[in-house]
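J.: A predicted structure for the sequence below; I have some questions about it.
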Amino acid sequence: MSNTQRQFISLNIAIMVVSDSRTEATDTSGKTLVDRLTETGHRCADKAIIADDIYLIRAKLSSWIADPSINAIITTGGTGVTGRDGTPEAVQPLLDKELTGFGEVFRSLSYDEIGTSTIQSRAIAGVANGHYIFCVPGSSGACRTAWDKLISAQLDYRTRPCNLVEVMPRLLEK
């Protein structure tokens, strides 16, 4: 196979909905992400709705981070500025490395859709124990923007000039 024609590599991706009020019946953001990732050929490894509590978030994330069958995790919700929004605070201590460009690019893309309201987003991403973690706002629109315009391409081995999948074998190197 030539270097320009790569085959798609399907990843196992876990979805966490951070919310004090959503249920499986009322969750649209998590469903949006699951639909999009499966439509592109990835697998939903697990999905959970977790209350906006940093210790509950960390507990579930830690179990996924320890699971070698999961490649990536996307959280939706809890990235705003209210007193209950604690996803970044829950996730950052677990990260081995932060991908600061993710939040910057996400807010830039969001600006075209929601204007200056994008400054309220504290979207972050990073790597923990060889797992990519992306934390995006809780609206379905934000999930569509994050997946369609940013995450999907970086979790696709065919994306050039580079993507996150091709460095996965080296994430745990010391």
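T.: Good, I have the coordinates.
J.: okay, now the unreliable bits of this protein?
T.: Along the chain, segments meeting pLDDT under 70 span 1-4.
J.: all helices of it, in order?
T.: Secondary structure of the chain (DSSP state H): helices at 29-39, 54-65, 87-91, 100-114, 140-146, 152-154.
J.: quick one: S110 and R144 touch, right?
T.: No. Counting by C-beta atoms under 8 Å, S110 stays clear of R144, with 10.8 Å between them. To be clear about C-beta, it is placed using only N, CA and C from the backbone, and glycine gets the same treatment.
J.: those two: who's more crowded?
T.: In this view S110 and R144 are compared by other C-beta atoms under 10 Å, and S110 has more residues nearby, 23 against 17.
J.: show me what contacts the more buried one?
T.: By C-beta atoms under 8 Å, 6 or more residues apart in numbering, the residues touching S110 are 117-118, 121, 142, 145.
J.: just those residues now: which is nearest Q154?
T.: Nearest to Q154 among the contacts of S110: T145, at 13.9 Å, using C-beta to C-beta.
J.: quick one: that closest one from L172, how far?
T.: Computed as C-beta to C-beta, to the nearest Å, the T145 to L172 distance reads 30 Å.
J.: again, but for Q120
T.: Note on Q120: its distance to L172, by C-beta to C-beta, is 35 Å.
J.: from the contacts of S110, pick the one nearest A25.
T.: Each of the contacts of S110 was scored against A25 by C-beta to C-beta, and A142 proved nearest at 20.7 Å.
J.: about what we covered before: okay, T145 and L172: which has more neighbours?
T.: Each of T145 and L172 has its neighbours counted (other C-beta under 10 Å); T145 has more, 22 against 10.
J.: is it correct that that one is in contact with Y111?
T.: No. Counting by C-beta under 8 Å, T145 does not reach Y111; the two are 10.5 Å apart.
J.: residues touching A125, list them.
T.: A125 touches 98-99, 102-103, 132-135, counting by C-beta under 8 Å, 6+ apart.
J.: and the furthest pair within these?
T.: G103 and Y132 (14.0 Å).
J.: these two - which one has more neighbours?
T.: Neighbour totals were compared for G103 and Y132, and Y132 leads with 25 against 20 (other C-beta under 10 Å).
J.: how near is T28 to R22?
T.: 8 Å.
J.: so these two - more neighbours on which side?
T.: Comparing T28 with R22 by other C-beta under 10 Å, the one with more neighbours is R22, at 18 against 15.
J.: phi and psi next, for that one.
T.: phi -80, psi 150 (degrees, to the nearest 10).
J.: find the nearest non-adjacent residue to it, please.
T.: For R22, ignoring the flanking residues on the chain, the nearest one in space by C-beta to C-beta, 6 or more residues apart in numbering is I49 at 5.9 Å.
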